[in-house]
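Trainee: structural data only, the sequence is not supplied:
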């Protein structure tokens with residue numbers, strides 16, 4: 001994985017950043033990080049509907065955490081786009097709308113706008129570019145990934161509540177990560193989504209290449225949580241006991257949840 005904090009950061013700034021991280025930067029997002037914080041690195045951003053760790057080098061999130069309940073998943077709101085650069089990030093350390101223009105990539109939500117229809121502010125904040133990655137459109141963002149997001153909402157309706165982690169993966173085998181725009185927004189090679197059911201104490205995880213795929217092939221991209229952790233270097237569901245983590249994270253779901 002690429003370094004989450006630039007080594008060129010001045011020492012005093014790095015010390016301040018480290019202090020902030022360990023002071024509990026996600027205290028106001030406790031609902032979304034109840035199952036644990038996957039990594040203490042990155043710039044913490046707490047939103048009304050999700051929490052994320054932002055990577056200022058890649059100009060994308062490292063991970064985004066949600067808590068999707070039955071009430072949230074059943075809410076309705078008309079679709080309207082509010083795409084915007086993140087106002088809490090400085091220019092030069094964030095993606096801009098122009099970076100995606102004519103890039104050939106979609107602005108792919110990590111925390112989906114469809115999960116945020118329960119509140120207008122949460123819905124608008126989901127359109128911040130800090131919550132997005134350059135994602136292949138047809139067959140991916142507009143296909144299998146969209147279908148997976150809708151499936152997760154259905155699971156929330158039937159299961160009551162879910163904790164969700166979503167984010168990009170950058171293949172370490174590549175000599176360099178490809179980017180778009182003058183701000184060099186990194187293009188992920190893969191995308192992951194982990195869904196945890198706290199009532200049934202089970203998880204389902206997906207790891208998909210960022211390319212056109214067929215929705216009917218979705219079961220092919222089922223992996224264990226351990227596999228995603230190995231690819232990202234993050235520690236998911238860390239609030240659970242070590243015994244529970246070993247049991248839950250080592251298993252790959254045998255099929256899509258019902």
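Mentor: Okay, I see it. Since this is a predicted model, take the numbers as computed values, not measurements.
Trainee: correct me, but residue 187 touches residue 177?
Mentor: Yes - with contact defined as CB atoms under 8 Å, residue 187 counts as touching residue 177 (6.9 Å). Every C-beta, even on glycine, is put in place using the N, C-alpha and C of the backbone.
Trainee: between these two, who's got more neighbours?
Mentor: residue 187 (21 against 17; other CB atoms under 10 Å).
Trainee: that one and residue 176: what is the separation?
Mentor: According to CB to CB, to the nearest Å, residue 187 stands 11 Å off from residue 176.
Trainee: same check, this time on residue 221
Mentor: From residue 221 to residue 176 the distance is 25 Å (CB to CB).
Trainee: any idea where the helices of the protein begin and end?
Mentor: All helices of the chain, identified by DSSP state H, fall at 11-22, 70-73, 97-100, 120-125, 145-159, 225-232, 242-249.
Trainee: ok, which of those helices comes nearest residue 54?
Mentor: Nearest of the helices of the chain to residue 54, taken as CB to CB: helix 11-22 at 12.1 Å.
Trainee: least confident of the helices of the chain, on average?
Mentor: Lowest mean pLDDT of those: helix 11-22, a mean of 40.
Trainee: and the strands in the stretch 101-250 of the chain?
Mentor: 106-109, 132-135, 161-169, 179-180, 185-186, 190-197, 202-209, 222-223 (DSSP state E, counting those that start in this stretch).
Trainee: got any ranges where the stretch 1-150 of the chain has weak pLDDT?
Mentor: For the stretch 1-150 of the chain, the stretches with pLDDT under 70 are 1-24.
Trainee: isn't residue 119 up against residue 49?
Mentor: Yes - look at residue 119 against residue 49 with CB under 8 Å: they come within range, at 6.7 Å.
Trainee: between the two, tell me which one has more neighbours.
Mentor: residue 49 (26 against 14).
Trainee: who's in contact with that one?
Mentor: Going by CB atoms under 8 Å, 6 or more residues apart in numbering, residue 49 touches 66, 111, 115-116, 118-119, 122-123, 125-126.
Trainee: understood, closing this out.
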